[in-house]
Structure formats: structure tokens, C-alpha cells
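Participant: need coordinates for the following:
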Amino acid sequence: MAVNFSYFRGHTTKRSFRNLVVFVIAKAQLNRDPYQVLSELSAIVRSENMLIDDSLLVVSEGGKNWLYGDNSLVDLVSQIGVPRFTHTLAI
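Facilitator: So this is what the prediction gives:
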């Protein structure tokens, strides 16, 4: 299974920067709790020495997206849309 994701630094309301990751998978690939999947994907990325402060899982199906994860990232993706992919993770 391949998971596309965006890894970037974002500006927070406290004028600091945070390392953010947004994973995107299709609903058909999701076979268990989305928060568990988000935790596992974040752990894999962290094991590759990438820093993550906040993470989000976007589950897409038929043009609709369901967002699971950090509230600040849910708000960001709801406003600007899913960021362009920067990496692909093969699992």
C-alpha cells in the first residue's frame, strides 16, 4: 500500500513554526480505526528522522474527505484544502 503525504512547516497563532504532516488515503485502504492508522503512519515517519509536531489523516472517497487528527490541522485543511504531496510512503 502506498500512502501519499505532505510534510511542511506551518505558522501557528503564537508566531512559532510547527512541523506538520498530512497523510491521504482512500477509504478502501482504511480497514481499522483512523486514529490508530494515523498513529502508526506518524510513527513510521518519525522513525525516518522526520520531526512531527501535528499530524492529520485525510480519508477520501468519491470526492469527499473525512479529517482525523489535530484540530488546528483540521481547520487549516478545511480552509485551504489538502496540501500538495511531498512524499510517498510504501507500507
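Participant: which ones are touching the residue sitting nearest the centre point of the chain?
Facilitator: Of all residues in the chain, the one closest to the mean position by CA atoms, centre = their mean is Val22, 2.1 Å from it. Residues near Val22 by CB atoms under 8 Å, 6 or more residues apart in numbering: 5-6, 55-56, 58, 73, 77, 82-83. To be clear about C-beta, it is placed using only N, CA and C from the backbone, and glycine gets the same treatment.
Participant: what bridges to it?
Facilitator: For Val22, the beta-bridge partners are Ser6, Leu56 (DSSP bridges).
Participant: TSV for the contacts of Val22, including neighbour count?
Facilitator: Shown next, in TSV, are these (neighbours: other CB atoms under 10 Å):
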residue	neighbour count
Phe5	23
Ser6	18
Ser55	22
Leu56	25
Val58	24
Leu73	23
Val77	20
Val82	15
Pro83	20
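Participant: ok, of these, which one's closest to Leu30?
Facilitator: Nearest to Leu30 among the contacts of Val22 is Val58, at 10.8 Å by CB to CB.
Participant: with adjacent residues omitted, what lies nearest to that closest one?
Facilitator: Leaving out its chain neighbours, the residue that sits closest to Val58 by CB to CB, 6 or more residues apart in numbering is Val24, at 4.5 Å.
Participant: next SSE after the helix or strand that the one you found is a member of?
Facilitator: Per DSSP states H and E, Val24 falls inside strand 17-26. On the C-terminal side of strand 17-26, the closest following helix or strand by DSSP H and E is helix 34-47.
Participant: so which elements touch that following helix?
Facilitator: strand 2-11, strand 17-26, strand 54-61, strand 64-69, strand 87-90 (3 or more CB pairs under 8 Å, 6 or more residues apart in numbering; DSSP states H and E).
Participant: what's the first one in contact with?
Facilitator: Residues lying outside strand 2-11 but in contact with it, judged by CB under 8 Å, 6+ apart, are 17-25, 29, 41, 45, 50, 54, 76, 82-91.
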